[in-house]
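*Asks:* here is a sequence together with a model predicted from it:
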Amino acid sequence: MKIAIIGQQDFGKAVLEAFLARGDQVAGVFCAPEKEGAKADVLKVAAEEKGVKVLQFASLRNKEAHDAMRSLAVDLGVMAYVLQFAPQEFVNIPKKGTIQYHPSLLPKYRGPSSINFPIIRGATKTGLSIFRPNDGLDEGPVILQKETPISADDTLGSVYFDRLFPMGVKAMLEAADLVVAGKHRETVQDESQASYEGWCRAPEAKINWASHVDFVYNLVRGCNPAPGAWTTLNGKKLQIFDSRKHLFRTFGAVKGKIGEISEIGAASFFVTAQGGRIEVLKAKHEDGKKLSAAEFVAQNGLTPGTVLGS
């Protein structure tokens, strides 16, 4: 088949490589322009290395972008991690239209942080959807879905890089084959089951140690590695990454006050929340780099009794 890829970053690169590896013709790659001083996107670099035409437009609403897509005369448009808005007029140009990847089980978790929020909310499964883009955000009919469990200790990193990323590349190939062959089905999303969340950024990633330890742990997992759940140490940001959860089983087992570093071990330190403690294994001070807990303790002079987030 002859396709155009619209995308960016590592996922876009992997999708490009997957189509080329099986002999499909990639007529062009649409990639967002780099910001001034930024490195070239890895998708752009990969396309240029493989001799694929790269097209960069400040907006996909522009007539120039539409004319460029028409000139490629492709069977299918493939949207692989796209932050630019692609209007209906643009995505309808390929003969068989366009398909798009989204890392959630639509219609749940529409929006740009659809991997973070299921973990933060304690969901036990998530997945991916290949759908038809329309002028809404992640609202078009679904062609294909794949599920994956979320374990009690999964992080954003493990869910995405170990599962949703490779599953997504394969699903894009599968959906493309179905659409080009005319064997696909399109299922309208059930609006009664829909949800939309915006970006999970620093304000959403702030830890409230008075929350139950379950909520704190889910927040840390859902923000690891990005944006990084955070608290403060002496007025400066402290991000927590790898961690474990320990519940208090009895009143006598409670150690420390809310937000207090109640214990420091050889390879970790413990922070008290409501109902349990977070054992911190990896952390980052705003003035430093990501460190093991032992290195962090040594560099920042942590002692039992230190209160975080005050």
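*Replies:* Yep, it's here. Nothing here was measured: the structure is a model prediction, and the numbers come from that model.

*Asks:* wouldn't residue 202 be in contact with residue 229 here?
*Replies:* No. Between residue 202 and residue 229 there is no contact, the gap being 9.8 Å when judged by CB atoms under 8 Å. For the C-beta atoms, the positions are set from N, CA and C on the backbone; glycine is no exception.

*Asks:* ok, these two, which is more surrounded?
*Replies:* Between residue 202 and residue 229, counted using other CB atoms under 10 Å, the more crowded position is residue 229 (25 against 14).

*Asks:* can you show me the strands along the stretch 201-310 of the chain?
*Replies:* Chain-ordered strands for the stretch 201-310 of the chain, with DSSP state E, counting those that start in this stretch as the definition, fall at 229-233, 236-240, 243-247, 261-264, 269-273, 276-280, 282-285, 290-292.

*Asks:* tell me the centre residue of this structure?
*Replies:* Residue closest to the average C-alpha location in the chain (CA atoms, centre = their mean): residue 115, at 5.0 Å.

*Asks:* pull the contacting residues for that one.
*Replies:* The contact partners of residue 115, by CB atoms under 8 Å, 6 or more residues apart in numbering, come to 103, 104, 126, 156, 159, 160, 164.

*Asks:* how about residue 135?
*Replies:* Neighbouring residues of residue 135 by CB under 8 Å, 6+ apart: 87, 88.

*Asks:* give me the pLDDT value at it.
*Replies:* The confidence metric pLDDT takes the value 94 at residue 135.

*Asks:* cool, and the one 4 residues further on?
*Replies:* Model confidence at residue 139, given as pLDDT, is 98.

*Asks:* okay, the nearest residue to residue 141 once chain neighbours are set aside: pLDDT?
*Replies:* In space, residue 141 comes closest to residue 186 once its chain neighbours are excluded; the distance is 3.9 Å by CB to CB, 6 or more residues apart in numbering. With respect to pLDDT, residue 186 has a value of 98.

*Asks:* thinking residue 186 is in contact with residue 142, fair?
*Replies:* Yes. Taking contacts as CB under 8 Å, residue 186 lies within contact range of residue 142: 7.1 Å.

*Asks:* which one's more surrounded, the two?
*Replies:* With neighbours defined as other CB under 10 Å, residue 186 and residue 142 compare such that residue 142 has more, 21 against 11.

*Asks:* please name the bridge partners of the more buried one.
*Replies:* Counting by DSSP bridges, residue 142 forms beta bridges with residue 131, residue 187.

*Asks:* residues touching it, list them.
*Replies:* When the contact criterion is CB under 8 Å, 6+ apart, the partners of residue 142 are 106, 129, 130, 131, 186, 187, 189.

*Asks:* mind checking which of these are buried?
*Replies:* With neighbours counted using 16 or more other CB atoms under 10 Å, the contacts of residue 142 contain these buried positions: 106, 129, 130, 131, 189.

*Asks:* for the residues you listed, work out which two are farthest apart.
*Replies:* Within those, two members stand farthest from each other by CB to CB: 130 and 189, at 12.9 Å.

*Asks:* centre of the chain to stretch 31-41, how far?
*Replies:* Using CA atoms, centre = their mean, to the nearest Å, the distance from the centre of stretch 31-41 to the centre of the chain it belongs to is 20 Å.

*Asks:* ugh, typo on my part, it should be stretch 245-260
*Replies:* Put simply, stretch 245-260 sits 32 Å off its chain's centre (CA atoms, centre = their mean).

*Asks:* likewise for stretch 196-216?
*Replies:* For stretch 196-216 - counting by CA atoms, centre = their mean - the centre lies 16 Å from the chain centre.

*Asks:* run through who's touching that stretch.
*Replies:* Applying CB under 8 Å, 6+ apart, the set of residues contacting stretch 196-216 from outside is 109-114, 116-117, 120, 122, 137-138, 219-220, 222-223, 227-231, 240, 245-247, 258-259, 271-278, 308-309.

*Asks:* hey, where'd the helices end up in the stretch 101-250 of the chain?
*Replies:* For the stretch 101-250 of the chain, the helices defined by DSSP state H, counting those that start in this stretch cover 116-120, 156-159, 165-181, 213-222.

*Asks:* what about the third one, average pLDDT?
*Replies:* By that I understand helix 165-181. In the prediction, helix 165-181 has an average pLDDT of 98.
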